[in-house]
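>>> just the structure for this:
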Amino acid sequence: MSTFILLLVSILGGFVIIISWLPDNFRVSRSATIAAPAHVVYEHINDLHKWDDWSPWAKLDPNAKNSFDGAPLGPGASFSWSGNSKVGAGRMTILESRPDDLIRIKLEMTKPIAATNAVEFALAEEGESTKVTWTMAGKNSFISKAMGLFMNVDKMCGGQFETGLANLKAVAEKHSA
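Below is the predicted model of the structure:
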């Protein structure tokens, strides 16, 4: 019995060491080129009321409870949600907004795992199109690091960003036509 306990403690200790060596920070980023001027793309990101039109999470829980606070759009605008296990619960607040260029958001998740991350949408006009880069960065807690051993967070979140950018492309190009 003591050999089994010693083996178990050794395995758990090994996992703790491996997890502690994993990066303390993460960054997920995806880009897409949208055949619309930057001002059209910008208005769909800068106005949180318009996110339901393109957000990859909006269709995952049509019964989610949403609320808006603060400014109507731009800095100070805030959006809170509480939904099923696919969308969780949290709040995002626009911190900085530069027309046709950049939107920075504070993302505060409360469910399924509490975390605060920085989200950024960078826009760059390329001729008659706009390149949009969606980035999320934050700190990895011990639990996040442990989950990273079994889940590819970049692939999971990156896939959601790709879906959102494809939806944003469809919406912005429709409004630009």
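>>> which elements pack onto the strand or helix carrying residue 165?
Using DSSP states H and E, residue 165 falls within helix 153-176. On a contact count with 3 or more C-beta pairs under 8 Å, 6 or more residues apart in numbering; DSSP states H and E, helix 153-176 meets strand 25-34, helix 38-46, strand 129-139. Backbone N, C-alpha and C define where each C-beta goes, glycine included.
>>> how about a cut-off of 10 Å?
If you count contacts as 3 or more C-beta pairs under 10 Å, 6 or more residues apart in numbering; DSSP states H and E, helix 153-176 packs onto strand 25-34, helix 38-46, strand 115-126, strand 129-139, helix 142-148.
>>> give me the mean pLDDT for the last one.
Same thing as helix 142-148. Across helix 142-148, the average pLDDT comes to 69.
>>> same check, this time on the first one
For strand 25-34, the mean per-residue pLDDT is 93.
>>> and for the fourth one?
Taken as a whole, strand 129-139 has a mean pLDDT of 95.
>>> got it, and the longest one?
Computed over strand 115-126, the mean pLDDT rounds to 96.
>>> partners of that strand in the sheet?
strand 102-111 (antiparallel), strand 129-139 (antiparallel) (DSSP bridges).
>>> buried residues, that strand. List them.
115, 117, 119-123 (16 or more other C-beta atoms under 10 Å).
>>> please name every helix or strand in contact with the helix or strand where residue 11 lies.
Using DSSP H and E, residue 11 falls within helix 2-21. Under the contact definition 3+ C-beta pairs under 10 Å, 6+ apart, helix 2-21 sits against helix 142-148.
>>> could you check how far the residue nearest the centre of the chain is from residue 9?
The residue lying closest to the centre of the chain (C-alpha atoms, centre = their mean) is residue 136, at 5.5 Å. Note on residue 136: its distance to residue 9, by C-beta to C-beta, to the nearest Å, is 36 Å.
>>> what of residue 67?
Counting by C-beta to C-beta, the gap from residue 67 to residue 9 is 47 Å.
>>> and residue 16, by the same measure?
Relative to residue 9, and taking C-beta to C-beta, residue 16 is found at 10 Å.
>>> find residues that contact each of the two.
Here residue 16 and residue 9 share no contacting residue, scored by C-beta atoms under 10 Å, 6 or more residues apart in numbering.
>>> any idea what the residue nearest to the centre of the chain is bridged to?
If you apply DSSP bridges, the partners that residue 136 bridges to are residue 28, residue 119.
>>> and it, what does it touch?
26-30, 105, 107, 117-120, 153, 157-158, 160-161.
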